[in-house]
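Quick one, fold the following:
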Amino acid sequence: MTASGIRRWVVALVGAFAAGVAMSFGQTYAPEWLAPLFNSAAPVVAVAGLTAFAARRWWSSALIAAVASPTLVAGYYLTAHLRGFAASMSWVALWATAGVLVGAVMGLAVWVLLNPSALVWRAAAAALWPGIAVGEAAHGLVRNSESTPPGYWWAQAVLGVAVLAAVTWKHARTAMGWLLAVVFATAIAAALFAVYGAF
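Now for the predicted structure:
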């Protein structure tokens, strides 16, 4: 890896750790209408995707995003611990493991969107983050509407749909591309909603 590549990775991972620190403080001090942002999977996956821009190959995109998510989780839980909040190690392990798996897939999705790929892969990549955002929003609206502000979840769902439309327009702009992107996003949202319901 070149010196510039190392610098990109360091900046990306330091940024992920800083995002975790910010999420810990945000969970305490954010206004009620914004509070779920700092305790949600969608921003963690988004940060993982952003770090993938520091990579140049498919495997390094997957690797840096897979490392970024647990780095963010470490920043969040370390900050919470230093601030005097207890954390269950089982939850730390769960989120770190999920972060590695989903982060790697998100990193691959970013690489697919930035490089020539088959339409089906571009549509699937375009659908990944929006599907996560919409599925998590559905979980918030259906299962957590009494303890979290529904307006936030509606906003996240709308953002997910908007991102799906924008990314599909740019990377899979055919009738088949639109159809595949919507199908993939719906399947991802439904799967995430089901997984969340198991906990």
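
Can you give me the pLDDT of residue 95?
Looking at residue 95, its pLDDT stands at 84.

same question, the one 10 residues further on
pLDDT, the model's per-residue confidence, is 97 for residue 105.

same check, this time on residue 111
With respect to pLDDT, residue 111 scores 97.

Settle this for me: it is touching residue 62, isn't it.
Yes: the criterion here is C-beta atoms under 8 Å, and residue 111 meets it with residue 62 at 7.3 Å. Placement of C-beta: from N, CA and C, glycine included.

Break the chain down into its structural domains.
1-115, 118-199 (automatic domain parsing).

For the ones you listed, which has the smallest mean pLDDT value?
Among the domains of the chain, domain 1-115 scores lowest, with a mean of 92.

before we move on, the earlier item: now do the shared contacts for residue 111 and residue 62.
Residues touching both residue 111 and residue 62 by C-beta atoms under 8 Å, 6 or more residues apart in numbering: residue 52.

Now render the domains of the chain as CSV, adding mean neighbour count.
Formatted as CSV, the domains of the chain follow (neighbours: other C-beta atoms under 10 Å):
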stretch, mean neighbour count
domain 1-115, 18
domain 118-199, 18
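
residues in contact with residue 112?
Residue 112 makes contact with 58, 121, 122, 124, 125 under the criterion C-beta under 8 Å, 6+ apart.

helix/strand/coil for it?
Under DSSP: H, G, I helix; E, B strand; the rest coil, the three-state class of residue 112 is helix.

Tell me the spacing between the residue nearest to residue 96 when sequence neighbours are not counted and residue 42.
Distance criterion C-beta to C-beta, 6 or more residues apart in numbering; nearest residue to residue 96, sequence neighbours excluded, is residue 70 at 4.2 Å. Counting by C-beta to C-beta, to the nearest Å, the gap from residue 70 to residue 42 is 17 Å.

Remind me which helix or strand the residue nearest to the spatial centre of the chain belongs to.
A centroid search over the chain (C-alpha atoms, centre = their mean) returns residue 45, at 1.5 Å, as the residue closest to the centre. For residue 45, the host element (DSSP states H and E) is helix 41-51.

helix or strand right after that helix?
Next element after helix 41-51 (DSSP H and E): helix 58-82.

what angle do that following helix and helix 41-51 make?
Here helix 58-82 points in a direction 130 degrees away from that of helix 41-51 (axes from the mean of the first three to the mean of the last three C-alpha atoms, to 10 degrees).

i'd like the first residue to be 494 from this point on
That works, and once the first residue is 494, the last one we named lands at helix 551-575.

elements contacting helix 551-575?
Where contact means 3 or more C-beta pairs under 8 Å, 6 or more residues apart in numbering; DSSP states H and E, helix 551-575 is packed against helix 496-522, helix 534-544, helix 582-607.

can you list the contacts of residue 605 in TSV and add secondary structure and distance to residue 578?
Converted to TSV, these look like this (DSSP: H, G, I helix; E, B strand; the rest coil; distance: C-beta to C-beta, whole Å):
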residue	secondary structure	distance to residue 578
551	helix	38
614	helix	41
615	helix	41
617	helix	37
618	helix	36
